[in-house]
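Asks: Whatever this is, show me its structure:
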Amino acid sequence: MTMKDSALRQLPAQFQKALTFHRQGQFALAQAVYEEILEIQPEHFDALHLLGVLAAQTRNSRRAVELISKAIEIDPNIAATYNNRASALKELERFEEALASYDQAIAIKADYAEAYFNRGVVLNELKQFAAALASYAQAIAVKPDFADAYFNRGIVLKELRQFDAALASYDQAIAIKAGHAEAYLNRGNVLRELGQFPAALASYDRAISIRPDYPAGYFSRGNVFLDLKQHEAAIASYDQAMALEPEFKFLQGLSQHARMQICDWRDFDVRLASLLAGIERNEPVSQPFPVLALSESGALQRKAAEIYVRQEYPPSHALPPIPKRHRHDRIRIGYFSADFRSHPVATLAAELFETHDRSRFETTAFSFGPDTQDEMRRRLTGAFDRYIDVKNQSHQDIALLARSLEIDIAVDLMAFTENCRPQIFALRAAPVQVSYLGYPGTTGAQYMDYLIADWTLIPESSQSHYSEKIIYLPHTYQANDAKRSIADTGFTRENLGLPPAGFVFCCFNNNYKITPGTFDTWMRILRRAEGSVLWLLEDNASVAKNLRREAVQRGVEPERLVFAKRAPMPEHLARQRVADLFIDTLPYNAHTTASEALWTGLPVLTCIGATFAGRVAASLLKAIELPELVTSNQDQYVELALELAADAQRLARIKQKLADNRLRTPLFDIRLFTKHLEAAYTIIDERYHAGLPPEHTYVECN
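Replies: Numbering: from 1, shown residues only. I've put the predicted structure just below:
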């Protein structure tokens, strides 16, 4: 007997040895034995196939495809080889090839539940949701107790915003596999989408009880606590998630944002340094929005946005490119938002929507927020040529709807604010896409062509900090509704909880905009302005306690901080007339709150920052011709605040100038603003029809 014959006779034993190593997870040993077998018998089907499987298990998908394909050449009638090759192709994102391979597996074995399941995963990746559902249904038909098929089916149904059906599918997965922690987690995510927060918490708690070391469970629970404004509970839950997985995506930023909402500044410098260093390293440590209130670096804000888009909202190729459009008689503008209701964005833009020149522009609202039936919602439903409630439609269906209506310019009024849906724009809803008003910074998304701003917000020297091309409006970027009503309520200091005498500084910005640096500056002012008080918004129960403690640490009596609860807008505007001076925050200025104060006749003092978010108040003050209230550093800001507090006549002159300018300057001239915005829309539409790429756009003042 030759040596080769002897080796061939030993192959069955060698193969069993390799198989044992493989099953025990001793991959290096198994690989060595498989390769020995193939040296002796290069066409050993099982060794080729299982060496390919091992390659896939060790994340060498390219090698896996090569080996399993060779096995298929030897025996093209084994369904498992096609399934395993397809899974390796899927890892390589060669999705179409993977689908073909799964189909070959199913052609050989019609009752191959796993292949149907895997096929559904690929179809979901390709955004072919109906086909994915059909594939999962086939897997379940073959294997009725296939818990993961029900689970994945729930994922697709949630994507399609068929929330009740998604819940039912997760419940079926749980009924089959009681310890399915991921199903409880995803079930909680659906309940959160439906606004059923207590039920969502219960579902997350069940997931955590099954898997106490489940960081996603604690993270998701923290999100719901934040929705419920239970900030301490949210922070505790985020901390538990971070202890389990310090690098959990975007957790660090959300945790810090929750702390900022209650002005909990313990370890602020350490936490901030860690967060910003993570962004510098291109790590997914924070969503972009929290960074706006924490960093004065435009470059860092852009990097945070680009990281987020790359991770969560990359460009989608699920829909084909939009064919070149013909010109319409009227330019078709689509406004997309979840905030067509009582909300700061609607408060600013309502009259803009009503003022558009209907002979030249056709406007459509794509509303994907709650139907609140409030007064603003009712007003806005009549403000557009077409108002479409799309909240129950998928991202893809909304993009397809916008395409079918041949929207020329899609305007995203949200970017990365609450309930946003960037996926619509990642799919391309229109040939030209614009970010406007709701988010004061860059999206970092290449599919957003333009950002509407003005010369104050984004100097030409700062353009590199924005991924979009900038549309420069001549006065200010901010639309303002001049129909905002101010209540006739006769507010007094006494009924607002203010002292009978002394200067009243105020700031009604959201609490998360108050940084330790801003608060230091405010306390410098209070220490020197004898008898003065600072009137702030109390958005949650912890803010007053925390800020009064911080005031004491800075040598200011805690009672000199007075807090106001949220109030209906007409009353909120009316009560501001009792204050003497609005003092702004940095690095994130007053935006809507600044225009509200100016509308009521309350002067706003600001310090201009380095980024869009930190330059808005300066933009508004220049548009109402009060540039003397814009300072360039904290020392100037403090000194001007003290001068105005000490000089009643000077402050009275400024208030009179504000009253005189209120309706004669550009800030509240909605017709002039709309004219300029429409000029911008016309320019960028002309560029598109001329076959030109987006470019910085400058609207002339006329």
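Asks: those strands in the stretch 251-400 of the chain, which residues are they?
Replies: Per DSSP state E, counting those that start in this stretch, the stretch 251-400 of the chain carries strands over the ranges 331-337, 361-367, 386-389.
Asks: Same question for the chain.
Replies: All strands of the chain, identified by DSSP state E, fall at 331-337, 361-367, 386-389, 409-412, 432-435, 450-454, 469-473, 504-507, 533-537, 561-564, 581-583, 604-607, 630-631, 697-698.
Asks: Distance to residue 286 for those strands - can I get that in a markdown table?
Replies: Where C-beta positions appear, they are placed from N, C-alpha and C, glycine not excepted. Shown next, in a markdown table, are the strands of the chain (distance: least, Cβ to Cβ, whole Å):
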| stretch | distance to residue 286 |
| --- | --- |
| strand 331-337 | 24 |
| strand 361-367 | 28 |
| strand 386-389 | 32 |
| strand 409-412 | 21 |
| strand 432-435 | 19 |
| strand 450-454 | 20 |
| strand 469-473 | 24 |
| strand 504-507 | 25 |
| strand 533-537 | 24 |
| strand 561-564 | 28 |
| strand 581-583 | 27 |
| strand 604-607 | 24 |
| strand 630-631 | 29 |
| strand 697-698 | 31 |
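Asks: need those strands in TSV with mean pLDDT, can you?
Replies: Formatted as TSV, those follow (pLDDT from 0 to 100):
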stretch	mean pLDDT
strand 331-337	98
strand 361-367	98
strand 386-389	98
strand 409-412	99
strand 432-435	98
strand 450-454	98
strand 469-473	98
strand 504-507	98
strand 533-537	98
strand 561-564	98
strand 581-583	98
strand 604-607	98
strand 630-631	98
strand 697-698	98
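Asks: of these, which approaches residue 180 most closely?
Replies: strand 386-389 (34.0 Å; Cβ to Cβ).
Asks: Can you say which of the strands of the stretch 251-400 of the chain is packed in most?
Replies: Per residue and on average, the most neighbours among the strands of the stretch 251-400 of the chain fall to strand 331-337, with a mean of 25 (mean count of other Cβ atoms under 10 Å).
Asks: related to what we said a few turns ago, which of the strands of the chain sits closest to residue 90?
Replies: Closest approach to residue 90 among the strands of the chain is made by strand 432-435 (30.5 Å; Cβ to Cβ).
Asks: Just checking: what are the partner strands of that closest one?
Replies: According to DSSP bridges, strand 432-435 forms sheet pairs with strand 409-412 (parallel), strand 450-454 (parallel).
Asks: Deepest in the core, which of the ones you listed is it.
Replies: Stretch with highest mean neighbour count among the strands paired with strand 432-435: strand 409-412 (a mean of 26; mean count of other Cβ under 10 Å).
Asks: what's in contact with that strand?
Replies: Residues outside strand 409-412 that contact it (Cβ atoms under 8 Å, 6 or more residues apart in numbering) are 331-337, 402, 420, 422, 424-425, 429-430, 432-436, 438, 443, 448, 681, 684-685.
Asks: ok, now how distant is residue 651 from residue 158?
Replies: From residue 651 across to residue 158, the span is 55 Å (Cβ to Cβ, to the nearest Å).
Asks: on that earlier part again, which stretch among the strands of the chain comes nearest residue 495?
Replies: Judged by Cβ to Cβ, the one of those that comes nearest to residue 495 is strand 561-564, at 11.6 Å.
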